[in-house]
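> Following is a predicted model, sequence given first.
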Amino acid sequence: MNDARKSAGAAVLFVCLGNICRSPTAEGVFRCIVKSAGLEELIRVDSAGTHDYHVGEKPDPRAIAAAQLRQIDLSAFRGRQTDSEDFYEFDFVLAMDQSNLSHLARIAPPKAKAQLGLLLDFATDCEEQEVPDPYYGGNNGFERVLDLIENAATGLLAEIRSRWNI
């Protein structure tokens, strides 16, 4: 985890396969939205991958560049793999796609408190259910990922504000 839990607020973990494209982008976008709302002391944000392919690595340079165009800095993030503690430490564990959600459901401890789901469940006016993996595509895929994540992040923040009355 990047931060120690500081408050009785919410904690959100974004998850993709390797934690170098989609989930660090979601972490960066959501951190910015939370900070803009003045809630960074009440909402903890992190990201991880279901697999250990990129543990310790920076996000994909294309993800960093696309985010930077929107004034979101991903350069300090480092890949990590989910672990059993995540299911107790986070209120939401949100996957980018069904494959990673299924993996998370299989490894979640039986009494874990985290609500598992897809990030795009919080999006509005969105036909997609999954954030597509841009890794093997061109740069425009990273822009599309940012658009989808920004939409869902706004809905997620609204849900947290409602549940935690903040």
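Thanks, I have it.

> which SS class is Leu120?
helix (DSSP: H, G, I helix; E, B strand; the rest coil).

> how near is it to Asp97?
Per C-beta to C-beta, to the nearest Å, Leu120 is found 9 Å from Asp97. For glycine as for every other residue, the C-beta is placed from the backbone atoms N, C-alpha and C.

> Tell me if I'm right that Asp86 and Leu13 touch.
Yes - with contact defined as C-beta atoms under 8 Å, Asp86 reaches Leu13; the gap is 5.6 Å.

> so what sits against both of those two?
48, 93, 114 (C-beta atoms under 8 Å, 6 or more residues apart in numbering).

> now the end-to-end length of stretch 114-127.
26 Å (C-alpha to C-alpha, to the nearest Å).

> Flag every buried residue along that stretch.
Using 16 or more other C-beta atoms under 10 Å as the test for burial, stretch 114-127 gives 114, 116, 118-120, 122-123.

> returning to what we had before: pLDDT for the shared contacts of Asp86 and Leu13 - can I get that in a markdown table?
Shown next, in a markdown table, are these (pLDDT from 0 to 100):
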| residue | pLDDT |
| --- | --- |
| Ala48 | 98 |
| Val93 | 98 |
| Ala114 | 96 |
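
> Strands - which of those land there?
Here DSSP state E is the test, and these give 48, 93 as lying in strands.

> and the lengthiest helix in the chain, how far from the chain's centre?
Ranked by number of residues, the top helix in the chain under DSSP state H is helix 139-164. Offset of helix 139-164 from its chain centre (C-alpha atoms, centre = their mean, to the nearest Å): 9 Å.
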